[in-house]
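Novice: model this:
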Amino acid sequence: MTMPIIEVRDVVTSFGANIIHDRISCTVNHNEIYALLGGSGSGKSTLLREMILLQRFQSGTINVLGYDLENITPADAQNLRRQWGVLFQSGALYSSLTVGENIAILYKEYTDLPHSMIDELIALKIDLVGLPAHARYLYPSELSGGMIKRAALARALALDPKLLFLDEPTSGLDPLSSRQFDALIRQLRDLLGLTVIMVTHDLDTIHHIVDRFALLGEKKIIAEGTLEEVFAQDHPLIDYFFQKGSYGIKS
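Specialist: Next up is the predicted model:
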């Protein structure tokens, strides 16, 4: 049996007296699209931030690609960051840099590649996410919402990561653009052999491209598994969140 690529065990997270996670556990397997789902304040974005070393947790363990995040050394943390890409909700592109320059930052920070090769890689990543070639010369202010998401995705893929973390990737997109972006994520997963972890509230995304997910609520993981496995469980939050009848699956 293969080991999970990410394993969360008995994690407790609190901000002062406010407990966000109360001994939560979940696992992400290789090459799957895995979602963190839940209502506002359920701690899904906090959990993602903990997985990418942006937020500390009080107790428990999070293991990513064989690294124990609680006891990781600075050198190992730097190596681990090279193995994942992150797409933040707003894209988080540097507004004073062009799309190409935004992507180039990662090559300049983490590699010693010559300028000519960086130039070729930028063109490759832009094409990979479905942007026109000239987009590399545009500034974020010149991009539509959908193009910003794709440009940020190109940057996240710059170092050919094993893991891709997405924070509300379809937030702010119209329904057609959301479906197209979902399809792109699935294509990239299959093409590049990625493992994708996303925070989302988009039920269409859960229904169409997610392999497994965790539903957070009441400071716990309410349920984890495929859509069918989660629907087979009896919990009022599952009924409320999904409105099962709309999926054609009986409670």
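
Novice: other SSEs contacting the helix or strand harbouring A151?
Specialist: With secondary structure defined by DSSP states H and E, A151 is part of helix 145-156. Applying 3 or more Cβ pairs under 8 Å, 6 or more residues apart in numbering; DSSP states H and E, one finds that helix 145-156 contacts strand 84-87, helix 99-110, helix 115-128, helix 175-192. The C-beta positions use only the backbone N, C-alpha and C, and glycine is treated the same way.

Novice: Can I get the ones you listed in a markdown table including mean pLDDT and mean neighbour count?
Specialist: Supplementary listing: the helices and strands packed on helix 145-156 in a markdown table, determined by pLDDT from 0 to 100; neighbours: other Cβ atoms under 10 Å:
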| stretch | mean pLDDT | mean neighbour count |
| --- | --- | --- |
| strand 84-87 | 94 | 23 |
| helix 99-110 | 93 | 18 |
| helix 115-128 | 95 | 16 |
| helix 175-192 | 93 | 16 |
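
Novice: So for P140, which of these sits nearest?
Specialist: Across the helices and strands packed on helix 145-156, P140 has its closest neighbour in helix 99-110 (7.6 Å, Cβ to Cβ).

Novice: May I have that closest one as CSV, with CA atoms only?
Specialist: Provided in CSV are the C-alpha atoms of helix 99-110 (Å, rounded to 0.1, in the frame of the first residue of the first chain):
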residue,chain,number,x,y,z
VAL,A,99,3.3,38.1,-16.5
GLY,A,100,6.7,36.8,-17.9
GLU,A,101,8.6,38.6,-15.2
ASN,A,102,6.3,37.2,-12.5
ILE,A,103,7.1,33.7,-13.7
ALA,A,104,10.8,34.4,-14.1
ILE,A,105,11.0,35.3,-10.3
LEU,A,106,11.0,31.6,-9.4
TYR,A,107,13.7,30.6,-11.9
LYS,A,108,15.9,33.4,-10.7
GLU,A,109,15.4,32.6,-7.0
TYR,A,110,15.7,28.8,-7.2
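
Novice: and it, how far from the chain's centre?
Specialist: 20 Å (Cα atoms, centre = their mean, to the nearest Å).

Novice: How about stretch 173-180?
Specialist: For stretch 173-180, the distance to the chain centre is 17 Å (Cα atoms, centre = their mean).

Novice: Can you pull out the residues in contact with that stretch?
Specialist: G145, G146, K149, T170, F181, D202, D204, T205, H208 (Cβ atoms under 8 Å, 6 or more residues apart in numbering).

Novice: Surely the second one is in contact with F181?
Specialist: So the one you mean is G146. Yes: G146 is within contact range of F181, at 7.0 Å (criterion: Cβ atoms under 8 Å).

Novice: List the contacts of stretch 60-68.
Specialist: 3-12, 23-25, 50-51, 69-70, 76-77, 80, 83-84, 162-163.

Novice: What subset of those residues is buried?
Specialist: 4-8, 11, 24-25, 50-51, 69, 80, 84, 162-163 (16 or more other Cβ atoms under 10 Å).

Novice: In contact with D167, which residues?
Specialist: S45, L48, V86, L87, F88, Q89, M198, V199 are the contacts of D167 under Cβ under 8 Å, 6+ apart.
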